[in-house]
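Participant: how does the following fold in three dimensions:
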Amino acid sequence: MSEKIPATVITGFLGAGKTTMIRNLLENAGGRRIALIINEFGDLGVDGGILTGCGIETCSEDDVVELTNGCICCTVADDFIPAMTKLLSRERLPDHIVIETSGLALPQPLVAAFNWPEVKTRVTVDGVVTVIDAAAVAEGRFADDEAAIAAERAADTSLDHDNPLEELFEDQITAADLIVLNKADLVDAATLTRVKAEIGDGSARPLKIVTTENGRLPAEVLLGIKAGTEDLIAARKSHHELEHEDGHEHDHDDFESFVAIAGAVNDPTGFAEGLKALIGRHDILRLKGFADVPGKPMRLVVQAVGQRVATYYDRPWKPDEIRATRLVVIGLHDGLDETAITDEIIALTGSPDPASAGVTE
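Facilitator: Sure, this is the predicted structure:
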């Protein structure tokens, strides 16, 4: 090959809008053939399903590889390298590779993996794009703000230790070639300026920061950075770099997830409102999945971050799919009551227990 295939690593915390941004990118790819590697957190491949469901050539099922065995930065040898090798063995190679990490992944070990011999001669990291929820940062969540972090820790006894969310946020900024402040429409201009300054002040080097809403950015902004980040990442140390260098994996035990299965949703608007209250009662960090709405031929996508719940119809149900409501629930370890939350979701659908209709895991 005369040129290496460029790869873009898209990282960011839970619910920042990575999948929405990638979907918009695929819909405006300008003829590029893009292959996707999706590192889903949870047992239900929601992000991959949303991307393959957009109905355009650049996100066919053949172009999407889902890695569901755990955090991509801890399963590089077992999952990521084989996935890349498989992509590179195809007769028709992609023009660009996009990798969406889970909200828990450290970018540094993943980018460093591009220096493995079987990858380095074929692929280069075009850039690391970190997506940040501007509204969340404005509220003092996952920001380098000691007062806000202290208040959050005091309010939640499960966080009575060094805050892993704050460290993860910093690590993702440290690795970035481009920062995308998403959901900029949810804050005013002065607040957005403050958030940009906080992020910039927390970096040891100048950062390119762009703002957007609903993940809408031209492909020319996200692709073609030409950073060659695999050659730079050694200087962008993460909080856990020394642990990885010693052969230890970082601890993700602060998070857990499960899939709640329910029947059809009779009132989508009421269901979304009910989920807001449910999320508040159980301190759920993230909720995402699909719902079945009687009389509607298409799936209803459900995406929730905090108590912001968004829904939209993405594609028709396939003939061989079981129509049901399946939601991935993500929260802090030992903070989720799976039985109670599942029962409440079933109650919100207004349908009988899904088991009575033959819907199982």
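Participant: got any ranges where the chain has weak pLDDT?
Facilitator: 1-2, 40-79, 104, 142-165, 239-255, 305-307, 332-334, 351-361 (pLDDT under 70).
Participant: can you report phi and psi for S203?
Facilitator: The phi/psi pair for S203 (degrees, to the nearest 10) reads phi -110, psi 140.
Participant: same deal with V210?
Facilitator: phi -120, psi 150.
Participant: quick one, what contacts it?
Facilitator: Neighbour list for V210: L178, I179, V180, L181, L217, V221 [criterion: CB atoms under 8 Å, 6 or more residues apart in numbering]. Just so you know, the C-beta spots here come from the backbone N, C-alpha and C atoms, and that holds for glycine as well.
Participant: name the helices or strands packed onto the longest helix along the chain?
Facilitator: As assigned by DSSP state H, the longest helix anywhere in the chain is helix 268-282. Where contact means 3 or more CB pairs under 8 Å, 6 or more residues apart in numbering; DSSP states H and E, helix 268-282 is packed against strand 286-291, strand 298-305, strand 308-316, helix 338-349.
Participant: got CSV for the ones you listed, with mean neighbour count and distance to I5 too?
Facilitator: Shown next, in CSV, are the helices and strands packed on helix 268-282 (neighbours: other CB atoms under 10 Å; distance: least, CB to CB, whole Å):
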stretch, mean neighbour count, distance to I5
strand 286-291, 24, 30
strand 298-305, 21, 30
strand 308-316, 15, 28
helix 338-349, 17, 41
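Participant: and those: which comes nearest A35?
Facilitator: Smallest distance to A35 across the helices and strands packed on helix 268-282 (CB to CB): 20.2 Å, for strand 308-316.
Participant: partner strands of whatever helix or strand comes next after that closest one and their direction?
Facilitator: Later in the chain than strand 308-316, the nearest helix or strand by DSSP states H and E is strand 325-332. Strand 325-332 has the following sheet partners, assigned by DSSP bridges: strand 255-262 (antiparallel), strand 286-291 (antiparallel).
Participant: about what we covered before: distance to D267 added to the helices and strands packed on helix 268-282, as a markdown table?
Facilitator: Shown next, in a markdown table, are those (distance: least, CB to CB, whole Å):
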| stretch | distance to D267 |
| --- | --- |
| strand 286-291 | 11 |
| strand 298-305 | 11 |
| strand 308-316 | 12 |
| helix 338-349 | 9 |
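Participant: alpha carbons of stretch 266-280, as CSV, please.
Facilitator: Provided in CSV are the C-alpha atoms of stretch 266-280 (Å, rounded to 0.1, in the frame of the first residue of the first chain):
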residue,chain,number,x,y,z
ASN,A,266,-48.5,2.1,24.6
ASP,A,267,-47.7,5.8,25.4
PRO,A,268,-44.3,6.9,24.2
THR,A,269,-44.6,10.4,25.7
GLY,A,270,-45.7,9.1,29.1
PHE,A,271,-43.0,6.4,28.9
ALA,A,272,-40.3,9.0,28.4
GLU,A,273,-41.6,11.1,31.3
GLY,A,274,-41.7,8.1,33.5
LEU,A,275,-38.1,7.2,32.7
LYS,A,276,-37.0,10.7,33.9
ALA,A,277,-38.5,10.0,37.3
LEU,A,278,-37.1,6.5,37.3
ILE,A,279,-33.6,7.7,36.5
GLY,A,280,-33.8,10.2,39.4
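Participant: tell me the buried residues in it?
Facilitator: F271, A272, G274, L275, L278, I279 (16 or more other CB atoms under 10 Å).
Participant: and stretch 18-36, by the same measure?
Facilitator: Buried-residue list, stretch 18-36, by 16+ other CB under 10 Å: 18-26, 28-29, 32, 34-36.
Participant: and that stretch, how far apart are its ends?
Facilitator: 13 Å (CA to CA, to the nearest Å).
Participant: from the chain's centroid, how far away is that stretch?
Facilitator: Computed by CA atoms, centre = their mean, to the nearest Å, the chain-centroid distance of stretch 18-36 equals 15 Å.
Participant: quick one, phi/psi of the nearest residue to E118 once chain neighbours are set aside?
Facilitator: Spatial nearest neighbour of E118, excluding adjacent residues (CB to CB, 6 or more residues apart in numbering): T85 at 5.9 Å. According to degrees, to the nearest 10, the main-chain angles of T85 amount to phi -60, psi -40.
Participant: ok, T85 touching W116?
Facilitator: No - applying CB atoms under 8 Å as the test, T85 and W116 come out as separate, 9.6 Å apart.
Participant: the more surrounded of the two?
Facilitator: Taking other CB atoms under 10 Å, T85 and W116 do not tie; W116 has more neighbours (17 against 13).
Participant: ok, the more buried one touching I81?
Facilitator: Yes - if you go by CB under 8 Å, W116 and I81 touch, sitting 6.0 Å apart.
Participant: who wins on neighbours among the contacts of V210?
Facilitator: Ranking those using other CB under 10 Å puts V180 first, with 26 neighbours.
Participant: what bridges to it?
Facilitator: Counting by DSSP bridges, the residues bridging with V180 are V131, V210.
Participant: which stretches of this structure form strands?
Facilitator: 5-12, 34-38, 64-66, 96-100, 123-133, 178-182, 209-211, 255-262, 286-291, 298-305, 308-316, 325-332 (DSSP state E).
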